Every structure is written in structure tokens, then in C-alpha cells.
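**Student:** got a sequence here, can you model it:
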Amino acid sequence: IIGVNQHIVAVSRIFPDGQKVSHVIVEYAESVSDADLSESAFEVEGRTVTKVYSSPSPGIAASGEDGRYVIIELDTDNYSPEVGPRGPYSRANIRQTGDVHYVSGDTVPAQTSFTESPRRITETPGQFSQGVYNSVSGASVQYNLYVPSSYYADGSKQYPLVVFVHDAGRLSDNVTDVLSLEGAKSWTVPSEQEDYPCFVLAPQYGRRRNGDDVEATYELIMQLTEDFRIDKGAILGTGQSMGCMQTMSMDMDHPDLFAATLLVSGQLDPEQTTRLAGHNMWIVVSEDDERAYPGMNAIVDYLEGLGSTAVHASISALSSQKEFASHVEELLAANKEIKYTSLTAGTLPKEELARFSRRPSEESGQRMRTQDLGPRGVGMGAEQEGRTPQGDTSQGGISQRPISANGASAHMASFDVIYRIDAFRHWLLSQHK
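**Tutor:** Modelled structure (predicted):
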């Protein structure tokens, strides 16, 4: 391989004539002297190198600066798009043809053979691109990544990362299914990106899940912070129902990961949330949600008993954006760790409720699915669209009491309603450790 203890990443972009590798990032063990680098120091098989420089961050920059990353820019104007038997792909065979000098004075000698980049990513500024991450445990996670359209305009700016996790009703082997949800796409609206530019990561979990998915998602987040200029102090977690539960679980397993979390319509056994005490969070749930609302009430009560501070207020789901903004300002003025908003009973939009309602004959005898997907056996899911539970049981401390058809509809209808509220999203994007 080239040098010692470094990683090689081939980065593709989508051009009008197709997908091409635009640059290669080589991470070295120490800071590389930019002044000693030249275009002749590297060769990429079959490609023309146009620029070589070092940088303290893994991305294209206007000029070089001493750092651990060497950026090798390639000519894309005179190169045809890469297409393999299964469609577009990105790869780069790279060779270090000249010595690379560390700032410390040590030297990495030139190499005689090519090395194929083991990692490949696609950057599509202004839209979602898809990928698969293979974790060290062997678990694979399909994901969608939104790169801000302004990412290349400023080669030094760092961006927040919003991590959205979908509900169990969206478990699918189609990687883009999650992108139909407001929780994934609301952050990427051009007007929002203009004022609040950010990366958005939306994993898509398959129909057959296990607890390894949660840890694999954490590994993916950490990898993205190395691949892109993501502000590690502004990693922001959010999710709905199962995704809310997974976000809480990840926040507990990795307490230094999120600057804040926006928790939408979920629940966990309160006694399993002990490690959330003192964390910065905003909870939003409908009062018509017959499980998540009492479930979140119990969690807040439990955490307050451990010393967390909380403030709770109710507001109509039919309020204007201006009214929601005032509501958020009022709760923030209380200066509490837990901000808790409940949407007043009976105020969810009728058109949203109608999307998830079922005829009585379809409701009879069906049950809402609860999936045990947590890394520690924590129940991580509480819905399957259109199914309602029967019986009065409990599982892992999570409420399994009977739920009406209206309660199930309210649960699922609340998701998009909440993510369309600007004030909650803007609060999350303003948070930093």
C-alpha cells in the first residue's frame, strides 16, 4: 500500500454526461508538507492528475495546507463516465510515484505498484446519493446521504449532520423508500438549505433487522465525519417511532455523539433510559397517540426523578408556523434540558389521519407489531402501518395495552406533521456541543 496506516478513498460526482471519479483522498499517518507536493508525486491509472495538495480536512480546497490528507484532483472533462456490468461504479488505481514528506521530517518513499482504492463514495451536492456501509461486525446498512449544494463553494466550512431514522412501517429493501418521509426530506428544501445548510443521513433498514444495525449506523456516522467536512460538535439525531427509540438508544450507547436529539412519537421502558439523564432533547408527540404520549410522559417523569430538568407545554397541531416559533421560544426561555411539546388532542389534520385510517373489517383481529431491535434487547419498534394491537400485555417495560384504530392513526399521522414544523427543525440545527 501507499505509505503507512493511511486510507484511500475514490470520490465520484455526477456530471451531465454521467458519474466519474473526480478526486482521490489519501489519508496519511502524519501531517504532510504541502510545499513538497507536486502533480508528479502521484499517478492514477488511466487518468490525468490536475492538482495535488495536502489538507487538514478530507475534501477539495482552493489551496493546499499542511495536513494528514492528500487530495488528488483528476481531469473530468476528457474522461468518459465509468460504467460496469451493474451500472455506474467508481474506482481508482493509485500509485505514489514520488516521495511524500511529513512535516516532522520523516519521508514516505515512492511505491512501485498500484493500489486500488478500497473505499468509494459518491458526492452529489444538492441531492441524495445512495450507498452501502459494511461494518466491522459484518452488518450492512443501506443509506441515503444528502450533501449540501454549497459544500464545494467553501473548501473550509464545516457542516452539521442530521441523522434521521425511519419507523418500522418503512422497513424495506428499497434504499430510497425512506426519502418519501418528511423526516428525511424536510431538511433539504432549497429555502431551508439556504438558511440552514447541513448534511442529512437517512439509513434504510431492511425487512430483516438485528441489533447490529444500530452499531453499524454509528460506525457509518463516524466514517462520514472522516470523509466529509462534518462538524463533530453538530451531529444531530432524530427519528420517528422505532427511529425515535433507536435514536435514544444510540444516544445512550454513545453519549458524546449527538449535540441534541429531536424525538418524535416514540417510547421506551423508562428504566432503560437512565443514561439519557442530563441530555439535550426535544420531545414531540400527539396527545392522541395512545402509546407514545403516555410512554414519553413516563420517561420524562423518570428522568426528572434522576435530576434532569424539563418543561412541557401543549399546542394545537393546526397552529401557524409563527405560533409554533413563539411556542419554541417560550419553552427555550425556561432553560431546561428536556423540552417537551404535546400536540393537543383532536387537532391533527383530518387529511393526515385519513391517510392511515382503515375500515372496521380490516381492523378486526390485527395487531400492531413490536420489533425488538435494540443493541441491548431494547424494544425498538412499535408500529406497522394499518395494524392495531389487541390484548393487555407488556414487553420490555414498553406499553402493549390495547390501542384503538384512532390511536394507531394518530401515531402514524403525527410523523410528517411534526417534521413540517419549522421551529423544531430550526432548533435542532442550532444546537452545538
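**Student:** is it fair to say V162 lies in a strand?
**Tutor:** Yes - the secondary structure assignment for V162 places it in a strand, going by DSSP: H, G, I helix; E, B strand; the rest coil.
**Student:** what's it in contact with, if anything?
**Tutor:** Under the criterion of CB atoms under 8 Å, 6 or more residues apart in numbering, the contact list for V162 reads W187, C198, F199, V200, L201, L236, T238, L428, L429. (Glycine included, C-beta is placed from N, CA and C.)
**Student:** same check on I421?
**Tutor:** For I421, the contact set (CB under 8 Å, 6+ apart) comprises V284, Q321, F324.
**Student:** if we go to 10 Å?
**Tutor:** For I421, the residues meeting the contact criterion (CB atoms under 10 Å, 6 or more residues apart in numbering) are 182, 186, 284, 315, 317, 319, 321, 324-325, 327-328, 341, 343, 427.
**Student:** now, those residues that are in strands?
**Tutor:** Residues of these located in strands (DSSP state E): V284, I315, T341, L343.
**Student:** max pairwise distance over these: which two?
**Tutor:** V284 and I315 (9.8 Å; CB to CB).
**Student:** closest to D256 out of the ones in strands among the contacts of I421?
**Tutor:** Of all the ones in strands among the contacts of I421, the one sitting nearest D256 is V284; the distance, using CB to CB, is 24.2 Å.
**Student:** quick check, that closest one in contact with T341.
**Tutor:** Yes - the pair V284 and T341 passes the contact test of CB atoms under 10 Å, sitting 4.8 Å apart.
**Student:** mutual contacts of these two, please.
**Tutor:** I315, I418, I421, F424.
**Student:** closest to Y152 among these?
**Tutor:** Minimum distance to Y152 across these is 29.4 Å, recorded for F424 (CB to CB).
**Student:** residues contacting the closest one?
**Tutor:** Under the criterion of CB under 10 Å, 6+ apart, the contact list for F424 reads 186, 238, 262, 264, 282, 284, 324-325, 327-328, 339, 341, 418.
**Student:** surely it is within a strand?
**Tutor:** No - according to three-state DSSP, F424 belongs to no strand; its state is helix.
**Student:** distance check, it against E182.
**Tutor:** Spatial separation of F424 from E182 under the definition CB to CB, to the nearest Å is 11 Å.
**Student:** residues touching the most centrally placed residue in the chain, list them.
**Tutor:** In the chain, the residue lying closest to the centroid (CA atoms, centre = their mean) is V163, at 2.2 Å. When contacts are counted by CB under 10 Å, 6+ apart, V163 touches 143, 199-203, 217-218, 220-221, 224, 235-239, 243, 246-247, 250, 257-258, 261.
**Student:** filter those down to just the ones in helices.
**Tutor:** Here DSSP state H is the test, and the contacts of V163 give T217, Y218, L220, I221, L224, G243, Q246, T247, M250 as lying in helices.
**Student:** for those, which one is nearest N134?
**Tutor:** Ranked by distance to N134 (CB to CB), those are led by L220 at 9.6 Å.
**Student:** mind listing what that closest one touches?
**Tutor:** Residues touching L220, when contacts are defined by CB under 10 Å, 6+ apart, comprise G131, V132, Y133, N134, S135, V141, Y143, L145, V163, L201, P203.
**Student:** run the last query once more with 7 Å
**Tutor:** With contacts defined as CB atoms under 7 Å, 6 or more residues apart in numbering, the neighbours of L220 are Y133, V141, Y143.
**Student:** before we move on, what SS does the first one have?
**Tutor:** Which is Y133. Three states are possible here, and by three-state DSSP the one that applies to Y133 is strand.
**Student:** spatially nearest residue to it, not counting backbone neighbours?
**Tutor:** L220 (4.3 Å; CB to CB, 6 or more residues apart in numbering).
**Student:** quick one: the one you found from S172, how far?
**Tutor:** If you measure L220 against S172 using CB to CB, the figure is 18 Å.
**Student:** kindly report the same for Q19.
**Tutor:** 24 Å.
**Student:** also L236?
**Tutor:** When distance is defined by CB to CB, L236 is 24 Å away from S172.
**Student:** higher neighbour count, these two?
**Tutor:** The residue with the greater number of neighbours, taking L236 and S172 and applying other CB atoms under 10 Å, is L236; the counts read 27 against 15.
**Student:** thinking again about what came up before, next, format the contacts of F424 as CSV and append distance to I8 and pLDDT.
**Tutor:** Shown next, in CSV, are these (distance: CB to CB, whole Å; pLDDT from 0 to 100):
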residue, distance to I8, pLDDT
S186, 35, 97
T238, 33, 98
L262, 36, 98
V264, 39, 98
W282, 40, 98
V284, 43, 98
F324, 47, 98
A325, 46, 98
H327, 49, 98
V328, 45, 98
K339, 44, 98
T341, 46, 98
I418, 42, 98
